[in-house]
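Q: Sequence and predicted model, in that order:
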Amino acid sequence: MSLKLLFGFHAVTVRLKVAPKSIRELHVDATRRDQRMKQFLAKVEEAGLKVIESDDDKLQKMCGTHRHQGVVARVEVIQKSNSLDDLLDGLTEPALLLVLDGITDPHNLGACLRVADGAGVHAVIAPKDHAVGINATVAKVASGAAETVPYFMVTNLARTLAELKERDIWIIGTSDDAPASLYQTDLRGPTALVLGAEGEGMRQLTRKNCDALVSIPMMGSVDSLNVSVASGVCLYEARRQRLG
């Protein structure tokens with residue numbers, strides 16, 4: 001049985017909520033007794049779990065950072081949908097997918113997952129050879145969303161996009177030079193929104209596999225947004241249209 005580390009209040013609290021029995025060890029900073037820690041420990045007690053009291057140095061060695069907030073958990077890896085096909089087959093509403101091409105910064109991925117969770121995205125897709133996987137830093141930044149949003153790393157992103165098209169999922173890429181605006185685009189049907197790394201954007205082959213390209217209107221002096229911010233703008237526009 002494979003295990004992984006989670007750290008920080010948000011990430012560990014979400015695991016407490018969705019799968020408390022999967023927590024094998026729970027370490028807390030014995031010197032931290034503020035209100036936030038008291039509230040967290042009350043949830044732990046409610047879940048019937050015991051804690052292992054540790055110090056900052058031990059927690060830092062466990063997770064590789066001092067940004068653990070005094071909470072580190074060793075947990076079982078939760079199995080989500082076995083495949084993207086299984087997930088798509090089970091949907092009862094038009095698919096809303098986020099495709100990330102070339103995102104290698106764990107902080108950016110964590111922020112994208114958090115946005116994806118908030119917007120109700122069904123899955124996030126990334127290529128295996130040009131992306132960061134789910135690690136402890138991603139889980140911390142995602143504030144629990146790494147536990148709830150399916151993240152599929154695919155061998156061939158172009159082939160995956162072609163397979164999505166066969167399912168009548170519209171592939172919408174984002175590009176600063178696209179003539180069409182995001183806000184002029186119908187996102188109510190099955191849609192996969194494709195975003196590339198900040199600065200470089202999508203790779204050429206990814207761009208060629210998009211059905212359409214759209215841009216986010218920029219009104220100030222900067223010419224682009226961080227990928228997680230751009231993801232939020234795009235996904236919430238799609239959600240706004242669907243709710244409307």
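A: Good, I have the coordinates. Numbering: from 1, shown residues only.
Q: Are we agreed that residue 98 is in a strand?
A: Yes. Counting by DSSP: H, G, I helix; E, B strand; the rest coil, residue 98 is found in a strand.
Q: Break this protein down into its domains, please.
A: Here the domain parsing of the chain from automatic domain parsing is 3-76, 84-243.
Q: Mind putting those domains into CSV with mean neighbour count and mean pLDDT?
A: Using the backbone N, CA and C atoms, a C-beta is placed for each residue, glycine as well. Putting these into CSV (neighbours: other Cβ atoms under 10 Å; pLDDT from 0 to 100) gives the following:
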stretch, mean neighbour count, mean pLDDT
domain 3-76, 17, 91
domain 84-243, 18, 92
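Q: which other residues reach the lengthiest helix in the chain?
A: Using DSSP state H, we find that the single longest helix of the chain is helix 227-243. Under the criterion Cβ atoms under 8 Å, 6 or more residues apart in numbering, residues 94, 96, 98, 100, 103, 108, 111-112, 114-116, 118-121, 174, 182-183, 186-188, 191, 193, 195-198, 216, 224-225 lie in contact with helix 227-243.
Q: ok, now stretch 32-39?
A: Residues from elsewhere that reach stretch 32-39 (Cβ under 8 Å, 6+ apart): 9, 28-29, 70-71.
Q: okay, the longest helix of the chain in CSV with CA atoms only?
A: What follows is helix 227-243, C-alpha atoms only, in CSV (Å, rounded to 0.1, in the frame of the first residue of the first chain):
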residue,chain,number,x,y,z
VAL,A,227,-1.4,30.5,-15.4
SER,A,228,-3.4,29.9,-12.2
VAL,A,229,-5.0,33.3,-12.5
ALA,A,230,-5.8,32.7,-16.2
SER,A,231,-7.2,29.3,-15.3
GLY,A,232,-9.5,31.0,-12.8
VAL,A,233,-10.7,33.6,-15.3
CYS,A,234,-11.5,30.9,-18.0
LEU,A,235,-13.0,28.3,-15.7
TYR,A,236,-15.3,30.7,-13.9
GLU,A,237,-16.5,32.2,-17.2
ALA,A,238,-17.4,28.7,-18.3
ARG,A,239,-19.2,28.2,-14.9
ARG,A,240,-20.9,31.6,-15.2
GLN,A,241,-22.3,30.7,-18.6
ARG,A,242,-23.5,27.3,-17.4
LEU,A,243,-25.2,28.7,-14.3
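Q: re the thing from before, filter the contacts of stretch 32-39 down to the ones in strands?
A: 28-29, 71 (DSSP state E).
Q: can you put these in a markdown table and add distance to residue 78?
A: Listed next are the ones in strands among the contacts of stretch 32-39 as a markdown table, based on distance: Cβ to Cβ, whole Å:
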| residue | distance to residue 78 |
| --- | --- |
| 28 | 22 |
| 29 | 25 |
| 71 | 18 |
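Q: so which of those comes closest to residue 163?
A: residue 71 (39.9 Å; Cβ to Cβ).
Q: Apart from its neighbours in sequence, what residue is nearest that closest one?
A: Nearest residue to residue 71 in three dimensions, chain neighbours excluded: residue 12, at 5.1 Å (Cβ to Cβ, 6 or more residues apart in numbering).
Q: that's a helix at the one you found, yeah?
A: Yes. Judged by three-state DSSP, residue 12 forms part of a helix.
Q: separation between it and residue 130?
A: For residue 12, the distance to residue 130 (Cβ to Cβ, to the nearest Å) stands at 30 Å.
Q: The residue of the chain positioned farthest from its centre and residue 91, how far apart?
A: In terms of distance from the mean C-alpha position of the chain, residue 31 ranks first, at 31.8 Å (Cα atoms, centre = their mean). The gap separating residue 31 from residue 91 is 47 Å, by Cβ to Cβ.
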